[in-house]
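> Take this sequence and fold it.
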Amino acid sequence: MEMQIVKIEKRIKADSKRLFRAWLDPSDFSRWFLPGEKVGIGNVTLDPQPGGYFKIDMMVNGQVRPHEGSYVEITEPSKLVFTWKSWKTGGKDTLVTITFVPEGDTTLITLIHEQLPDAEACESHTHGWTGILIGLAAFFEK
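Residues are numbered from 1 along each chain as shown. Model prediction:
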């Protein structure tokens, strides 16, 4: 069976260093990391160093849905790679790579999520990551 890949690009009017840091600072992170109106954020634990663990409790329909993984690569301010595991990945580790490329007064963020188990996981993660990047852009436009 062929593994699925999600690729999302978003140009955000903000400095790449600030955008990069927003992924690693727990207080900022929980203010923008919302994939949709129906999803809330509970506890967020981030240990942003290679091999460091993270856990994000998303609240979905009144249920806590943990999303967790570990940081594989942190190359500030250009690249972030981490594993990602949740109920939507069937409890299996997948891989997320995010790049930050400065373009004038904007930054092009490219998010690639690999090793997803099936088309349904692909669809839900496309929706989720798209919403998350919209939330990140809104956080910086305030």
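
> drop to CA atoms for contacts and neighbour counts, all remaining ones
OK.

> The longest strand along the chain: what's the following helix or strand?
Using DSSP state E to define each element, the chain has its longest strand at strand 63-75. Per DSSP states H and E, the first helix or strand lying C-terminal to strand 63-75 is strand 79-84.

> Provide the strand pairings for that next one, with the direction of each partner.
strand 63-75 (antiparallel), strand 94-103 (antiparallel) (DSSP bridges).

> my guess is residue 133 meets residue 22, correct?
No. Look at residue 133 against residue 22 with C-alpha atoms under 8 Å: they stay out of range, at 11.4 Å.

> In terms of packing, which of these two has more residues around it?
residue 133 (23 against 20; other C-alpha atoms under 10 Å).

> Which pLDDT does the model give the more buried one?
What the model reports as pLDDT for residue 133 is 96.

> and if you look at the one 4 residues further on?
Confidence at residue 137, expressed as pLDDT, is 96.

> give the contact list for residue 105.
By C-alpha atoms under 8 Å, 6 or more residues apart in numbering, the contact set of residue 105 is 13, 14, 15.

> Would you map the strands across this structure?
Counting by DSSP E, the strands of the chain are 4-12, 39-46, 53-60, 63-75, 79-84, 94-103, 106-116.

> Looking at those strands, spot the one closest to residue 123.
Closest to residue 123 of those is strand 4-12 (C-alpha to C-alpha; 8.3 Å).

> roughly how far out does that closest one sit from the chain middle?
From the chain centre to the centre of strand 4-12 is a distance of 11 Å (C-alpha atoms, centre = their mean, to the nearest Å).

> Could you tell me how far residue 109 is located from residue 136?
For residue 109, the distance to residue 136 (C-alpha to C-alpha, to the nearest Å) stands at 10 Å.

> Which neighbours do these two have in common?
Contact with both residue 109 and residue 136 is made by no residue, according to C-alpha under 8 Å, 6+ apart.

> What's the separation between the nearest residue to residue 114 once chain neighbours are set aside and residue 116?
Leaving aside its sequence neighbours, residue 114 sits nearest to residue 5 (C-alpha to C-alpha, 6 or more residues apart in numbering; 4.6 Å). For residue 5, the distance to residue 116 equals 6 Å [C-alpha to C-alpha].
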